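**Q** just a sequence and a predicted model for now, questions to come.
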Amino acid sequence: MGLSSSQGRLLMLTSRLSDIQYQETLLSQRQAKLAFESEKAASDYNTKMNNYKLEIKMPDKGSDSGYKTEDLDYEKMTQLGYVVMDSNEQIYLQKDENGEWIIPKDLDGKDILSIDSSTGKAVIGDKEFNIVDGKEHLSKPKDLQNAIMKGVLFILDTSDTDAKLTLDNLKSETKMEYVLDKSDDVEAQTTYDMETTRIGRKDNQIDIEIKQLETQHNVVAKEIDSVKEVLNSNVERTFKLFSNG
């Protein structure tokens with residue numbers, strides 16, 4: 001192989017090696033992305049497997065215990081004499097289709113609070129409270145539970161207006177329970193299994209591609225070394241030829 005052809009071959013091989021290295025970089029980035037996706041899948045899984053919910057014990061004469069445990073929602077709370085309030089001690093109520101405040105009732109159908117027509121405030125026992133439209137938090141049980149568990153809203157026992165329940169004492173409250181939410185565990189497991197399978201399959205494919213590129217990298221690198229040796233030999237031979245001339 002002559003000097004010029006060797007030089008051309010070296011340039012071509014160097015370009016090929018550069019392309020292989022670029023492809024290896026892209027594959028490394030794809031693997032890093034998969035690692036991030038794997039961490040996120042694990043984090044989402046752990047969150048769903050360890051999330052909590054609030055349950056409430058409703059009277060049930062047909063059961064041995066005398067009650068049945070159900071997911072907490074606004075209607076069940078009011079039936080047991082509870083209302084929702086915020087840190088400013090404002091009571092959250094719902095409105096009817098005419099825009100009037102709905103007076104919550106207990107299981108016996110009795111009003112658990114009244115509204116002073118002159119002040120527009122909610123009256124519970126000997127105390128008055130400002131009223132806030134609770135549409136945002138009270139209409140959906142999940143939103144209500146999240147607000148209570150995050151400390152945005154609190155529970156007030158209308159039989160004792162000094163007994164504002166927070167998340168800490170909800171854990172020991174006899175009519176409510178703070179328990180692990182297992183309702184989404186099966187879905188969480190299925191989603192996690194699907195994600196890990198998908199990620200594992202892509203990761204294995206990338207490993208195969210990386211090994212193929214490594215093989216090509218080694219072949220091209222050896223050939224570059226071989227061409228360089230030919231070039232060096234040609235240069236030395238040419239140098240000797242002219243130096244002896």
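**A** Sure, I can see it.
**Q** how near is D126 to S87?
**A** According to CB to CB, to the nearest Å, D126 stands 22 Å off from S87. Every residue, glycine included, has its C-beta placed from N, CA and C.
**Q** so for those two, which sits in the more crowded spot?
**A** The neighbour comparison of D126 against S87 (other CB atoms under 10 Å) goes to S87, with 10 against 6.
**Q** okay, the more buried one: pLDDT?
**A** We have a pLDDT of 87 for S87.
**Q** show me what contacts it?
**A** F154 (CB atoms under 8 Å, 6 or more residues apart in numbering).
**Q** again with L27
**A** I206, E209, I210, L213.
**Q** confidence score at the third one?
**A** The per-residue pLDDT reported for I210 equals 94.
**Q** helix or strand: which one has the spatially most central residue of the chain?
**A** Nearest to the geometric centre of the chain sits D44, at 4.6 Å (CA atoms, centre = their mean). According to DSSP states H and E, D44 maps onto helix 3-49.
**Q** what comes up buried for the helix or strand just after that helix?
**A** Next helix or strand after helix 3-49 toward the C-terminus (DSSP H and E): strand 52-59. Buried positions in strand 52-59, judged by neighbour count with 16 or more other CB atoms under 10 Å: K53, L54, E55, I56, K57.
**Q** which residues are in contact with the first one?
**A** Contacts of K53 were listed using CB under 8 Å, 6+ apart, and they are D71, L72, Q145, V179, L180, D181, S183.
**Q** make a ChimeraX selection of the buried ones in these.
**A** Only the buried entries of the contacts of K53 go into this ChimeraX selection, using 16+ other CB under 10 Å:
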select :72,145,181
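**Q** could I get the contacts of K53 as a markdown table with pLDDT and secondary structure?
**A** Shown next, in a markdown table, are the contacts of K53 (pLDDT from 0 to 100; DSSP: H, G, I helix; E, B strand; the rest coil):
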| residue | pLDDT | secondary structure |
| --- | --- | --- |
| D71 | 91 | strand |
| L72 | 90 | coil |
| Q145 | 91 | helix |
| V179 | 86 | strand |
| L180 | 89 | strand |
| D181 | 90 | coil |
| S183 | 87 | coil |
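**Q** farthest-separated two in the contacts of K53?
**A** Across the contacts of K53, the longest distance by CB to CB is 14.3 Å; it joins L72 and L180.
**Q** SS state for E195?
**A** helix (DSSP: H, G, I helix; E, B strand; the rest coil).
**Q** ok, it to Q21 distance?
**A** Distance from E195 to Q21, by CB to CB: 31 Å.
**Q** likewise G151?
**A** Counting by CB to CB, the gap from G151 to Q21 is 54 Å.
**Q** swap in Q145?
**A** Computed as CB to CB, the Q145 to Q21 distance reads 54 Å.
**Q** for V83, same thing?
**A** For V83 relative to Q21 (CB to CB), the value is 67 Å.
**Q** of the two, give the one with the bigger neighbour count.
**A** V83 (23 against 13).
**Q** SS state for that one?
**A** Three-state call for V83 (three-state DSSP): strand.
**Q** for it, name its beta-bridge partners.
**A** Beta-bridge partners of V83, counted by DSSP bridges, are L156.
**Q** would you agree it is in contact with L153?
**A** No - counting by CB atoms under 8 Å, L153 is not a contact partner of V83; they are 10.3 Å apart.
**Q** joint contacts of the two?
**A** Common neighbours of V83 and L153 (CB under 8 Å, 6+ apart) are Y92.
**Q** which stretches of this structure have low pLDDT?
**A** Applying pLDDT under 70 to the chain flags the ranges 1-4, 6, 161-174, 231-245.
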